[in-house]
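Participant: Sequence first, predicted model second:
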Amino acid sequence: MNLTGQLIIYWLPYIAGISIVVIGIFYIWKSVFADRNRGGRRCPRCWYDMTYSQGMTCSECGHTAQSEQDFTHTRRRWGRASFVLVLCVATILGMYWKLLDRGIIASLPTPILTMVMPLARDSGSEVFKQLSRRMMMSQVTDEQSEKIIARCVKGDWTSSPPDEAWINKYGMMLNTMRPRLVGRRNGQELHTLEKPLLNLPVKVDFDTRESWPAGASARIRVRARNWWPAGHYCRMRITNVEDPTDTRIIVQQPNRNGPRAYVLMSPPLTETQKELAYEVEVYRRRTNDDEVNQSGDDGWVRVNKETVTLPITIVDSLEAVFEPVSDEVTTKAMKSVFGSVTRWTGGPQPVRFQVLMRQTFIPEFNDTAIGVSVELFHNDRVVRQLDLWWIAGDDVTNRGYEHAVPFEDPETLLQIKDEDLEANWELRVRSDPALALRAGDAPFYWKGDFTIAFTLDSRENDVRPKPRNWWVDEEEVEGDEK
């Protein structure tokens, strides 16, 4: 059915209501004002024409007028006008209550909502909410879905993919639609509605702090957001413009557009360096594609290529980057971060640390970066080291930490016996400003050093590695060990 037909069917109750009101108003006017005297004489009771009758008494009904002026009145049918007025008011109230109950936007048909999408502010507007609701309830036809997707892919005069304005408006809408399209596939073939999504470029974001000391390696967070059909790998080839031999090829798990980023470390920064520049090539590939397709390549399709430039400022020392914070309140909070150490009898790692970083989400840690080296001692010997870094404070939006395991003695840890769980275990926590630099752009970092004596907990469980968001292309595609 074409757009005109859909509009007529959708608006038919309103068209009928408006027609009743218009006709009713015309009838009321005609009943009250249209039947005027045209210069003759009419009986004010039965309205008999007395133009050619003499006297003050009507020969038809016998009514006697009081004056000659009584024969010139306009005839007004108040009963009929009142009935039609009540009917019009009831019709108007009915349409109003229907609009009030559903909302004006909800009362608009899907084709009209699709047409006004560019006028909406963002995905939180009522237009986008209503379209998303109808798609979730399968109230949208394939033809309507195709037009919605076409509008999202194209953008409008205020936004185009993949800028932030487009993401806030159309990208969120596509994220809502993609999972539902998967269930409509015929086997492994993409649904027709999914194919336009393959043309969308990837939003690549590089982020690092502005100030770095000379000789340090800048820590860069790399994030990629795509809106391809579900089940596509995203691969990025990142090349240092200053040193093309510094190239990293990384792959992102399908359907992982979350906040977790890949960490890219730059070469040591020079004193005269003012920016970091990387050339980025982005590729996509279906997860079920053969390793080598019919054309003889590896199945990767290049989507976009761009150069990312990050301005930086080189300072003389770490002290010029941020100031240390050390007091009784922050140190006490840091001690409560490390709840326990547990021995696992199964899984990829024999020992794990419990990190309760929520203890640092307090005002005393506002604008403070945490970077610590955590060493596990047994009989005065280091058997595991865990480096941690995160941004603390009660105003932090990304409440996650990152980590590295620079040292581990698996032979000793795997030989831990039950009688060894309670003896000679210590956890030493030392601040490291170099690690705090990795956390992000903050004017302060926590400074401190303490040791905790404790006993090991023990659990019997096969802890499986969590799937990684990113991996280097030369590595095997498997889980992330933490």
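Facilitator: Cool, got the structure.
Participant: what's the helix or strand hosting Tyr233 packed up against?
Facilitator: In this structure, Tyr233 sits in strand 232-240 according to DSSP states H and E. When contacts are defined as 3 or more CB pairs under 8 Å, 6 or more residues apart in numbering; DSSP states H and E, strand 232-240 packs onto strand 217-225, strand 247-252, strand 262-268, strand 275-286. Every residue, glycine included, has its C-beta placed from N, CA and C.
Participant: what's the closest of the ones you listed to Arg343?
Facilitator: Closest of the helices and strands packed on strand 232-240 to Arg343 is strand 262-268, at 28.8 Å (criterion: CB to CB).
Participant: Tell me which residues touch Thr412, please.
Facilitator: His378, Arg381, Val383 (CB atoms under 8 Å, 6 or more residues apart in numbering).
Participant: what about stretch 355-370, average pLDDT?
Facilitator: For stretch 355-370, mean pLDDT is 92.
Participant: Okay, now that stretch: how far is its last residue from its first?
Facilitator: From its first residue to its last, stretch 355-370 covers 13 Å (CA to CA, to the nearest Å).
Participant: quick revisit: which of the contacts of Thr412 sits closest to Ser266?
Facilitator: Comparing the contacts of Thr412 against Ser266 with CB to CB places Val383 closest, at 32.0 Å.
Participant: That closest one contacts Phe377, doesn't it?
Facilitator: Yes. The criterion here is CB atoms under 8 Å, and Val383 meets it with Phe377 at 7.2 Å.
Participant: Which one's more surrounded, the two?
Facilitator: Neighbours were counted for Val383 and for Phe377 using other CB atoms under 10 Å; Val383 has more, 20 against 16.
Participant: Rounded mean pLDDT for the helix or strand that contains that one, please.
Facilitator: Following DSSP H and E, one finds Val383 within strand 381-392. The pLDDT scores in strand 381-392 average 92.
Participant: elements contacting it?
Facilitator: Against strand 381-392 (3+ CB pairs under 8 Å, 6+ apart) you get strand 351-355, strand 368-378, strand 402-408, helix 410-414, helix 433-439.
Participant: just to revisit the earlier point, among the helices and strands packed on strand 232-240, which is nearest Thr141?
Facilitator: strand 275-286 (27.2 Å).
Participant: ok, and for that closest one, which residues are buried?
Facilitator: Leu276, Tyr278, Val280, Glu281, Val282, Tyr283, Arg284, Arg285, Arg286 (16 or more other CB atoms under 10 Å).
Participant: ditto for stretch 16-35
Facilitator: Quick answer for stretch 16-35 (16+ other CB under 10 Å): Gly17, Ile20, Val21, Gly24, Tyr27, Ile28, Ser31, Val32.
Participant: The third one: what's it in contact with?
Facilitator: What it means is Val21. Cys88, Thr91, Ile92.
Participant: run the last query once more with 6 Å
Facilitator: Val21 is in contact with Cys88, Thr91, counting by CB atoms under 6 Å, 6 or more residues apart in numbering.
Participant: tell me the average confidence for the helix or strand containing it?
Facilitator: Secondary structure assignment for Val21, by DSSP H and E: helix 3-29. For helix 3-29, mean pLDDT is 77.
Participant: re earlier: in its sheet, what does the strand holding Tyr233 sit against?
Facilitator: Sheet pairing of strand 232-240 (DSSP bridges) gives strand 247-252 (antiparallel), strand 275-286 (antiparallel).
Participant: Low-confidence ranges, the stretch 251-400 of the chain, go.
Facilitator: Counting by pLDDT under 70, the stretch 251-400 of the chain contains low-confidence ranges at 255-260, 289-298, 345-349.
Participant: typo on my end, the stretch 51-200 of the chain
Facilitator: Looking at the stretch 51-200 of the chain by pLDDT under 70, you get 98-103, 187.
Participant: what about 80?
Facilitator: Applying pLDDT under 80 to the stretch 51-200 of the chain flags residues 51-54, 59, 62, 68-75, 95-108, 182-189.
Participant: Helices of that one, residue ranges please.
Facilitator: For the stretch 51-200 of the chain, helices defined by DSSP state H, counting those that start in this stretch occupy the ranges 78-102, 110-115, 126-136, 142-154, 164-166, 172-182.
Participant: contacting residues around the spatially most central residue of the chain?
Facilitator: Nearest residue to the geometric centre of the chain (CA atoms, centre = their mean): Met172, 5.1 Å. Residues near Met172 by CB under 6 Å, 6+ apart: Ser123.
Participant: ok, 10 Å please
Facilitator: Counting by CB atoms under 10 Å, 6 or more residues apart in numbering, Met172 touches Asp122, Ser123, Gly124, Phe128, Ser132, Cys152, Trp166, Trp227.
Participant: and it, how far is that from Ala218?
Facilitator: Relative to Ala218, Met172 is positioned 31 Å away (criterion: CB to CB, to the nearest Å).
Participant: Val84 now?
Facilitator: Distance of Val84 to Ala218, given as CB to CB: 79 Å.
Participant: Grab the nearest non-local neighbour of Ile25.
Facilitator: Nearest non-adjacent residue to Ile25, counting by CB to CB, 6 or more residues apart in numbering: Cys88, 6.6 Å away.
Participant: residues in contact with Thr51?
Facilitator: Thr51 sits next to Arg38, Gly39, Gly40, Arg41, Arg42, Phe71 when contact means CB under 10 Å, 6+ apart.
Participant: repeat that for 8 Å
Facilitator: Thr51 neighbours (CB under 8 Å, 6+ apart): Gly40, Arg41.
Participant: got it, and the one 5 residues further on?
Facilitator: Contact partners of Met56, counting by CB under 8 Å, 6+ apart, are Thr64, Ala65, Gln66, Glu68.
Participant: Then Gln385?
Facilitator: Here Gln385 is in contact with Ser373, Val374, Glu375, Leu376, Val405, Pro406, Phe407, Glu408 (CB under 8 Å, 6+ apart).
Participant: list the contacts for the nearest residue to it once chain neighbours are set aside?
Facilitator: In space, and not counting its chain neighbours, Gln385 is closest to Phe407: 4.2 Å by CB to CB, 6+ apart. Contacts for Phe407 were tallied using CB under 8 Å, 6+ apart; they are Val382, Arg384, Gln385.
Participant: Of the contacts of Met56, which is the nearest to Val429?
Facilitator: Relative to Val429, and with distances defined as CB to CB, the nearest of the contacts of Met56 is Gln66, at 109.7 Å.
Participant: That concludes my questions; thank you for your assistance.
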